[in-house]
Each structure stands twice: as structure tokens, then as C-alpha cells.
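>>> could you work out the structure for the sequence below:
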Amino acid sequence: MHALAAALAARQDAPSQAVAELLGLLQGAGPAVAMDVQISSFGGVGSTQLSNHLNAYGITTNLLTDNDNLRHCPRPPGSLPGAEEDARGTSGASTSAPGRKGSVPAGHAVQHQRRVRPRHVVYLYGDPLAAVASHYRRGHACHQAQKTSGHPSRLSPASFPVTFEQYVERGEDLFELEEHFRNWATAEAEGPIVMLRYERMFDPDVASRLFALLAGHKLSGEQLGEMAAAFVASHRQRSSQVSSELYDKMYGKLLASMDRLPPLYIRSAAAGGAAEEVLVTGHAESANGARAHHAGALGERMALEPAQTRYVGLGASAGVEDRVGVC
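Presented below is the predicted three-dimensional model:
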């Protein structure tokens, strides 16, 4: 139902009276059209994998096409200062690559997505340099940066670094990943946000707690166990690998900040993002994390103090993973 509402609201032409009436009914239906899980990220960290796995078990998520402007928006729902901006979504970038049909111009994101909050909002994050390498490998680096930065007009394919090596050599955070992560970790939001680390989401304890949270309202305990086990079993090594010495040039501090957080916790909606509940304890250190810590790129701590304190240590459980291509 939410996919139908998203498709109708994203139409670029003026809607007919019948379409407008149908959209109004869908928007007014409240929880009947609310998705189960909104998954957002800066891309390159397995959001498609997680979404597909949830969908396979009957859990609804935001659109993989990003026509609802939710998957890579630079701020969490409810965090923008203006009511008008909040109503139309958080990303001003087109939702498809330049020149493709079906792109949604700025200001045309789906209004109903802000009227009916999903049951859960998940922010999926991970190694930022590996994520950038993934975008370059898949050939959409500039377009992705236009969405994650929230300033599409400032970036042009003509001046954007052509290769990953050129991007690192330039040393400028054109994707604005630091701001993206900071916003989702600490900005005021319309509700709690599940913070999930990509490099740990395939761990059995993380997966079992994650799916119990996201799918427990629809699936039995046995089904949840099967779901987690299947996800864990489908784990594959990341396709985009990054040399550890590159963190001296970019994202070393950001990666270190991520590595200090638990792999799965729920942050509060209040500004500062204090942890309401830690679902899996410990640190979410990445494969390159330990080396990045000693690469001279750490420097001062990122402003994430509230989210790094007041943890309520809970137990862990069993299982994570996905079934589609690895970033």
C-alpha cells in the first residue's frame, strides 16, 4: 500500500481528480499504509541486502528505487527546521540518475511518508571509505553524492572526481558522509532510530536481535530464527576493498567514531541521540578500524558524545545476513 501511495505522490504530472482522491484516501488511512521498516543509509553499506531479506519474509520497507526519497536522505525524519521541507522529504536530489525517466524533481518527494511514521526507522552505516569505493565501482558516485550531501546543485559530473583514487587524493568529503552520519546519530528526529553497523549486521547475535525487533510483530519465534540464520548464511565478503593507509587521507576520524559505538542500539528522538537501549553490546570495529586508529588520522573526537554514553547493556542473541549482491 505504501508503495502505491509513493508511486502516486511521485508523479511529475498534475494528478487527475481521481488520482488526487485516491492519494488522499491512502494518506488518511494512517497505520493501514505505514511501512514496517524504513531503511536509510549513505549507500554502499548493504541497505538493499537488508531490505530484500526483510521483504522476502513479508516485512515492508521503503522503495528500493528511492522514489520516496527515504533511502539516502541526509537527515532523519522530522529533523529539518522548516515544516514545508519536512513535508516534502529530506533529499533535494533527483531520485534517479540524470537523464533517466521517472526521476523525481526536488520538492516532489512523498508527503505521506511524513504523515505516517514507519513502525521502525533503521539507519545503516559502515566503513565510509569502502562505501565510496562501492559507489565508484558501481558507476554512480556523483549521483549518489548529490543525494547524500543534500545539495545536488553544488555537484556536477563534469567536475566530480572520475576515479576513486582521484577522490581520495582530492581529500574533500563531497558525499558529506560525516554530516550524514552526524545528523542521523545526533539530530532531533520524529521518533527513535535503530542504529545498525553494516560490518556487524551479519553476526548471529546482531542478526537475531535485529530481526526480532523489526519482524517480531509478524513472525513467530521459529520463523525469526530461520530468518536470522538464512541472513547469516548468505554473508559474502565485501566486493569493494580499501587499503588501510588511505584512512590517513580520508575518513579516519569518522571511521574511528563509528568504531566506538555498539553494533546495534536504539537512539532517542531527542537532539543528541542518547542511546535508549543497547541491543548488542561491544564495539562495532571494522576490518580496517584497528589500523585506522593507529594511522594518525584519529585527531579530535567527533561530536557524538550523547550517543556514546548512557548505554543500557542488554543481552545478545543470534543471526544476521542477506541474500543479494554484496556492496
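>>> CA only for contacts and neighbour counts going forward, please
OK.
>>> which ones are touching residue 119?
34-37 (C-alpha atoms under 8 Å, 6 or more residues apart in numbering).
>>> right, I mislabeled it, should have said residue 282
261-263.
>>> looking at this, it is in a strand?
No: counting by DSSP: H, G, I helix; E, B strand; the rest coil, residue 282 is located in no strand; its state is coil.
>>> so how far is residue 276 from it?
16 Å (C-alpha to C-alpha, to the nearest Å).
>>> any regions of the chain where pLDDT drops low?
Counting by pLDDT under 70, the chain contains low-confidence residues at 1-15, 19-33, 80-115, 283-327.
>>> for it, which segments count as strands?
For the chain, strands defined by DSSP state E occupy the ranges 37-41, 120-125, 193-197, 264-267, 275-280.
>>> please save the CA atoms from the fourth one in PDB.
Written as PDB, here are the backbone C-alpha positions of strand 264-267 (Å, rounded to 0.1, in the frame of the first residue of the first chain):
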ATOM      1  CA  LEU A 264      23.100  -2.300  17.300                       C
ATOM      2  CA  TYR A 265      21.400   0.200  19.500                       C
ATOM      3  CA  ILE A 266      18.300   2.400  19.600                       C
ATOM      4  CA  ARG A 267      19.000   6.200  19.800                       C
END
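>>> hmm, back to that, closest one of the contacts of residue 282 to residue 224?
Closest approach between those and residue 224, by C-alpha to C-alpha: residue 263, at 19.5 Å.
>>> quick one: the closest one from residue 183, how far?
Residue 263 is 18 Å from residue 183, by C-alpha to C-alpha.
>>> between these two, point out the one with more neighbours.
residue 263 (26 against 20; other C-alpha atoms under 10 Å).
>>> thought the more buried one was touching residue 197?
Yes: here residue 263 reaches residue 197: they are 5.0 Å apart, a contact under C-alpha atoms under 8 Å.
>>> what sits against the closest residue to residue 54 other than its chain neighbours?
Nearest non-adjacent residue to residue 54, counting by C-alpha to C-alpha, 6 or more residues apart in numbering: residue 60, 7.1 Å away. Each residue near residue 60 by C-alpha under 8 Å, 6+ apart is listed here: 35-37, 54.
>>> the residues you listed: which two are farthest apart?
Using C-alpha to C-alpha, the contacts of residue 60 span at most 11.6 Å, a distance reached by 35 and 54.
>>> bridged to residue 266, which residues?
On the basis of DSSP bridges, residue 266 is bridged to residue 194, residue 277.
>>> between the strands of the chain, which one is nearest to residue 158?
strand 37-41 (25.5 Å).
>>> and the contacts of that closest one?
Here strand 37-41 has contacts from 47, 51, 59-62, 70-73, 118-125, 214, using C-alpha under 8 Å, 6+ apart.
>>> can we see that at 6 Å?
Outside strand 37-41, the residues that touch it by C-alpha atoms under 6 Å, 6 or more residues apart in numbering are 61-62, 71-72, 118-125.
>>> and the buried ones among the residues you listed, selectable in ChimeraX?
Selecting only the buried entries of those in ChimeraX, with 16 or more other C-alpha atoms under 10 Å as the criterion:
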select :61,62,71,72,118,120,121,122,123,124,125
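>>> would JSON lines of the contacts of strand 37-41 with distance to residue 155 be doable?
JSON lines is the format used below for the contacts of strand 37-41 (distance: C-alpha to C-alpha, whole Å):
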{"residue": "61", "distance to residue 155": "29"}
{"residue": "62", "distance to residue 155": "26"}
{"residue": "71", "distance to residue 155": "19"}
{"residue": "72", "distance to residue 155": "16"}
{"residue": "118", "distance to residue 155": "31"}
{"residue": "119", "distance to residue 155": "34"}
{"residue": "120", "distance to residue 155": "32"}
{"residue": "121", "distance to residue 155": "28"}
{"residue": "122", "distance to residue 155": "27"}
{"residue": "123", "distance to residue 155": "24"}
{"residue": "124", "distance to residue 155": "24"}
{"residue": "125", "distance to residue 155": "23"}
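>>> from the contacts of strand 37-41, pick the one nearest residue 43.
Nearest member of those to residue 43, counting by C-alpha to C-alpha, is residue 72, at 6.7 Å.
>>> the closest one and residue 185, how far apart?
14 Å.
>>> ok, residue 189 - contacts?
Counted by C-alpha under 6 Å, 6+ apart, residue 189 has contacts 76-79, 269.
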